[in-house]
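Visitor: any chance you can model this:
(one chain, ligands or ions: 1)
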Amino acid sequence: MAVVAAALRRCDGLWLMYKRPEGKQHGGLWEFPGGKVEQHENPRSALIREIDEELGLVIDEATLAPSGFAESAVTSAAPQIVISLYTASRWTGSPVCHEGGEYGWFTPREIEMLEKPPLDVVLAHQLFAELQN
Ligand SMILES: Nc1nc2c([nH]c(=O)n2[C@H]2C[C@H](O)[C@@H](COP(=O)(O)OP(=O)(O)OP(=O)(O)O)O2)c(=O)[nH]1
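Guide: Prediction:
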């Protein structure tokens, strides 16, 4: 299953993380916001839809920059998840959690400490290691 996620960077250098609503898979954990790519969509249009639905932010496709990739193990128990991460530093609007959950703005060091779903741990490592180089 293809999943897309956004690393939203504010001009003061803080990054947005989304806390998934309790009761959902990975409820209460902090992730890079995003969701599943539907059949008729490409990854960027899916991400723009998800960020609008989840947080009410409007992002221009052209400003998204690919910045990470993670995949779950292949097993017979569940479909494999493949997540593509895109960075954005421009959008329109202020975040509002339309689907429950909450959001916060964090430094990379704070994000390392947040409790995250397994693939978001990988994405955070990749993103912040790349930025330090
Ligand atoms: N971000 C993230 N998602 C993961 C991980 N592992 C894993 O199975 N997923 C799954 C959970 C969801 O099925 C999907 C992310 O899509 P989503 O955010 O739209 O999920 P959701 O439960 O809100 O969607 P829905 O079924 O309610 O439509 O990826 C992980 O480590 N990080």
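
Visitor: stretch 87-100: which residues count as buried?
Guide: Counting neighbours by 16 or more other C-beta atoms under 10 Å, one finds that the buried residues in stretch 87-100 are 87, 88, 91, 95. (Glycine included, C-beta is placed from N, CA and C.)

Visitor: could you work out the most separated pair of these?
Guide: Within these, 87 and 95 form the most distant pair, 16.3 Å apart (C-beta to C-beta).

Visitor: so what's residue 124 closest to, chain neighbours aside?
Guide: Nearest residue to residue 124 in three dimensions, chain neighbours excluded: residue 111, at 5.3 Å (C-beta to C-beta, 6 or more residues apart in numbering).

Visitor: right, is the lowest-mean-pLDDT helix or strand in the chain up against the ligand?
Guide: Here the helix or strand of the chain ranked lowest by mean pLDDT, DSSP states H and E is helix 118-132, holding a mean of 92. Yes. Legend: contact between helix 118-132 and the ligand by C-beta under 6 Å from any ligand atom is shown at 118, 119, 120.

Visitor: send the alpha carbons of that helix over as PDB?
Guide: Below are the C-alpha coordinates for helix 118-132, written out as PDB (Å, rounded to 0.1, in the frame of the first residue of the first chain):
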ATOM      1  CA  PRO A 118       7.900   2.500  13.200                       C
ATOM      2  CA  LEU A 119       8.100   3.900   9.800                       C
ATOM      3  CA  ASP A 120       8.000   7.500  11.000                       C
ATOM      4  CA  VAL A 121      11.100   6.700  13.200                       C
ATOM      5  CA  VAL A 122      12.900   5.800  10.000                       C
ATOM      6  CA  LEU A 123      11.700   8.900   8.100                       C
ATOM      7  CA  ALA A 124      12.700  11.200  11.000                       C
ATOM      8  CA  HIS A 125      16.200   9.700  11.100                       C
ATOM      9  CA  GLN A 126      16.600  10.100   7.300                       C
ATOM     10  CA  LEU A 127      15.200  13.600   7.200                       C
ATOM     11  CA  PHE A 128      17.300  15.100  10.000                       C
ATOM     12  CA  ALA A 129      20.500  13.200   9.200                       C
ATOM     13  CA  GLU A 130      20.200  14.600   5.700                       C
ATOM     14  CA  LEU A 131      19.700  18.100   7.000                       C
ATOM     15  CA  GLN A 132      22.800  17.900   9.100                       C
END
